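In: Would you be able to build a 3D model of this:
(one chain, ligands or ions: 1)
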Amino acid sequence: MAETETLFNPFEPGFTADPYPAYRLLREDDPVQEHPLGFWFLSDHEDVVALLRAGHSVDARLTTVEGAAQEHFAQLERDGLDVINMSMLDRDPPDHTRLRSLVSKVFTPRSIAALEPEITGLVDASLDRIAAAGQADLVEELAFPLPFAVISNMLGMPPTDHVRIRRLSGKLVRSLEPVFDPDVLKEISDAGAELTAITRELIEWKRADPADDLLSALIAAEDRGDRLNDDELVAQVILLYVAGHETTVNLIANGTIALLRHPDQLTLLRDRPELAGNAVEEFLRYDSPVQQTRRITLKPHVAHGREIPAGAFVIACLASANRDEKFWGPDADTLRIDRENARQHVAFSVGPHHCLGAALARLEGRVAFERLVQRFPDLAFAGEVEWNGRINLRGPATLPIKV
Ligand code: HEM
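Out: Residues are numbered from 1 along each chain as shown. The predicted structure is shown next:
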């Protein structure tokens, strides 16, 4: 342990509302922190990037550290739910390479670009509802329903299942948070079981009656004679569904909060709508929708001259890297939607697990901000922001606005 009082403690009051002062202290005092709970915490841009590019494992079962991860996997195994961990996000090569390659065959840049008219229609429908009401919770009316509808439609999910899937997916993503309570672990596992059962049924239904959608394409996807088996298919569909909306909701909501807190930037975006694409990159940097990811070291890893042993559970803090003044300069904590190198953020990670849905998230974000800002010149807060309490997939639970 380094001699420091600065310990990563996400349970401190106020942390989820604004974790950035704590990240700054960590970067200054102990950027390669060996935490008393057994994990390591990296907060510098340079160290985060080097770790993610170093070819370590994403398979949390390989860690030698006892703790919540072990409990989570033990619970899944007890419940016969290992399938949940068969998504590409939790696999190393060669599995990762073939899973990613099969999914990439159908989740192509061209298929995503073709969604712009549908996305525009969905955004406008949301804005119509907000305009009619005069005020609204932006999470409930736009930030959540947009990515949720887009990924549901892409996959070809029947609308009748949407409410149930939303509830289950909200529980399942808690597996990405630090959870120590056995009751919560059980709840996550139960949600995984129910989602798995729904997805299996859906795959059978699509197999019998294929349509022009992503799920039918995934069932048929073939790469040099290779296909996804049933369990792999279930795991990739759940990953796409959950990753498809539980993250972009924070991009839209956190980005809106950032704009409302920086009226000069809101005015700049209104005056120069062509900046919307770059503004989305800056929102991803300034207040990252996924704050951290993790790796298990396969061999000793040196960061800042400190050796992290093999088998360590290492948290790479993407959100802290995105505010590191050593990389971004003295205005790292300032929102600047015309920042030239904003796209160098690590909000989508780097290396082999770089977000497969980045192009879709960028498109949804750009269209949403272009239209929101132009449509409502009097856009303003209408009450207190309430945070969702998550440390990793951090964003507001409610965002009251008036137009
Ligand atoms: C992976 C962030 C939206 C699908 C990741 C990772 C991050 C991330 C940080 C990599 C984690 C790691 O390296 O360990 C985000 C953010 C989003 C977003 C910030 C929105 C603003 C989406 C969307 C989809 C998606 C819309 C799909 C519809 C995936 C998939 C992976 C992934 C499939 C796994 C890639 C792999 O393991 O090779 N995302 N994501 N994401 N994301 Fe996203």
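In: Other residues contacting whatever helix or strand residue 235 lives in?
Out: Applying DSSP states H and E as the criterion places residue 235 in helix 230-245. By Cβ atoms under 8 Å, 6 or more residues apart in numbering, the surrounding residues in contact with helix 230-245 are 83-89, 99, 102-103, 107, 144, 147-148, 150-152, 154-155, 157, 165, 169, 172-173, 195-196, 199-200, 202-203, 214-215, 218-219, 228, 355, 357, 360. (Glycine included, C-beta is placed from N, CA and C.)
In: buried ones in the helix or strand hosting residue 249?
Out: Using DSSP H and E, the secondary-structure element containing residue 249 is helix 248-261. Taking 16 or more other Cβ atoms under 10 Å as the basis for neighbour counts, the residues of helix 248-261 that come out buried are 248-260.
In: List the contacts of the closest residue in space to residue 54 that isn't next to it in sequence.
Out: Distances taken as Cβ to Cβ, 6 or more residues apart in numbering place residue 301 nearest to residue 54, at 6.2 Å, with adjacent residues excluded. Going by Cβ under 8 Å, 6+ apart, residue 301 touches 51, 54, 56, 307-308, 312, 314.
In: Alpha carbons of stretch 141-161, as CSV, please.
Out: Output in CSV follows, covering the C-alpha atoms of stretch 141-161 (Å, rounded to 0.1, in the frame of the first residue of the first chain):
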residue,chain,number,x,y,z
GLU,A,141,-39.0,10.8,-22.1
LEU,A,142,-35.9,10.7,-24.3
ALA,A,143,-32.6,9.4,-22.8
PHE,A,144,-34.0,6.0,-21.9
PRO,A,145,-36.7,5.4,-24.5
LEU,A,146,-34.5,6.3,-27.5
PRO,A,147,-31.7,3.7,-27.2
PHE,A,148,-34.2,1.2,-25.8
ALA,A,149,-36.5,1.4,-28.8
VAL,A,150,-33.6,1.4,-31.2
ILE,A,151,-32.0,-1.8,-29.9
SER,A,152,-35.3,-3.5,-29.3
ASN,A,153,-36.4,-2.8,-32.9
MET,A,154,-32.9,-3.8,-34.3
LEU,A,155,-33.1,-7.1,-32.5
GLY,A,156,-36.7,-7.6,-33.5
MET,A,157,-38.0,-7.9,-29.9
PRO,A,158,-41.8,-8.1,-29.6
PRO,A,159,-43.1,-4.8,-28.0
THR,A,160,-45.0,-6.9,-25.4
ASP,A,161,-41.8,-8.0,-23.7
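In: Let me see the mean pLDDT of it.
Out: Averaged over stretch 141-161, pLDDT sits at 93.
In: Return stretch 94-112 as CSV; C-alpha atoms alone will do.
Out: Provided in CSV are the C-alpha atoms of stretch 94-112 (Å, rounded to 0.1, in the frame of the first residue of the first chain):
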residue,chain,number,x,y,z
PRO,A,94,-9.7,-17.4,-29.0
ASP,A,95,-13.4,-17.3,-27.9
HIS,A,96,-13.5,-13.5,-27.9
THR,A,97,-12.0,-13.3,-31.4
ARG,A,98,-14.6,-15.6,-32.9
LEU,A,99,-17.6,-14.2,-31.0
ARG,A,100,-16.7,-10.7,-31.9
SER,A,101,-16.1,-11.6,-35.5
LEU,A,102,-19.5,-13.4,-35.8
VAL,A,103,-21.4,-10.5,-34.3
SER,A,104,-19.5,-7.9,-36.3
LYS,A,105,-20.7,-9.6,-39.5
VAL,A,106,-24.2,-8.5,-38.8
PHE,A,107,-23.7,-5.4,-36.6
THR,A,108,-22.0,-3.4,-39.4
PRO,A,109,-21.3,0.3,-39.9
ARG,A,110,-23.6,0.3,-42.9
SER,A,111,-26.6,-1.3,-41.0
ILE,A,112,-26.1,1.4,-38.3
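In: So is that stretch next to the ligand?
Out: Yes. Contact between stretch 94-112 and the ligand is present through residue 100 (criterion: Cβ under 6 Å from any ligand atom).
In: what distance separates that stretch from the middle of the whole chain?
Out: 18 Å (Cα atoms, centre = their mean, to the nearest Å).
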